[in-house]
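> Structure of the sequence below:
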Amino acid sequence: MVIKIDDLSGTAVQTLLNEHLQHMFENSPPESIHALNLDGLLQPDVTFWSIWEGNELAGCGALKELDSRHGEIKSMRTASSHLRKGVATTLLDYIIGEAKRRNYQRLSLETGSMDYFKPAHQLYYKFGFTLCEPFANYTDDPNSLFMTMKL
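Numbering: from 1, shown residues only. Modelled structure (predicted):
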């Protein structure tokens with residue numbers, strides 16, 4: 001698998017992001033959806049990566065800088081044809097490594113609290129993330145799970 005910084009201009013990436021947002025709206029109340037749209041991912045404080053297996057887009061993920069010591073994982077998504085092939089594990093490991101290279105002291109994320117998101121919960125726990133209080137501009141929400149790890 002090859003991971004590369006992506007400018008989000010490709011059709012495959014845009015399709016995967018649209019699928020990601022669609023699934024968020026199918027599984028979470030609108031007021032509890034914090035996934036970034038294309039404009040949000042193109043902001044200067046966000047780095048977006050795509051992960052490829054040959055010529056096929058296998059997944060994506062992003063890292064948003066909250067401040068010089070704290071980053072947030074955004075838009076982690078595995079293409080449905082690449083589920084259970086290690087895509088998310090590979091990409092999450094890469095993003096954690098990048099956060100360390102940036103000298104962040106903490107890496108956090110928000111994900112849904114519903115059963116649909118259980119595979120994501122398991123992945124994040126496996127990497128050492130723990131539950132935390134809402135961070136940045138988030139507020140308490142029973143539909144959200146907040147996680148963090150010290151780097």
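> OK, contacts around Lys74?
The neighbourhood of Lys74, defined by C-beta atoms under 8 Å, 6 or more residues apart in numbering, consists of Ala35, Leu36, Leu41, Val46, Gly61, Ala62, Leu63, Lys64, Leu109. Every residue, glycine included, has its C-beta placed from N, CA and C.
> Let's have those residues in a markdown table, adding neighbour count and secondary structure.
Putting the contacts of Lys74 into a markdown table (neighbours: other C-beta atoms under 10 Å; DSSP: H, G, I helix; E, B strand; the rest coil) gives the following:
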| residue | neighbour count | secondary structure |
| --- | --- | --- |
| Ala35 | 20 | coil |
| Leu36 | 18 | coil |
| Leu41 | 20 | helix |
| Val46 | 17 | strand |
| Gly61 | 23 | strand |
| Ala62 | 23 | strand |
| Leu63 | 22 | strand |
| Lys64 | 21 | strand |
| Leu109 | 23 | strand |
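> now, among these, which is nearest to Lys100?
Within the contacts of Lys74, proximity to Lys100 (C-beta to C-beta) peaks at Leu63, which comes in at 11.3 Å.
> wait, doesn't Ala88 sit right on Ser75?
No - assessed by C-beta atoms under 8 Å, Ala88 is found out of contact with Ser75, at 11.9 Å.
> how about the strands of this protein, start to end?
2-5, 46-53, 56-67, 70-78, 106-112, 130-131, 144-150 (DSSP state E).
> what pairs with Leu145 across the strands?
As for beta bridges, Leu145 partners with Thr111 under DSSP bridges.
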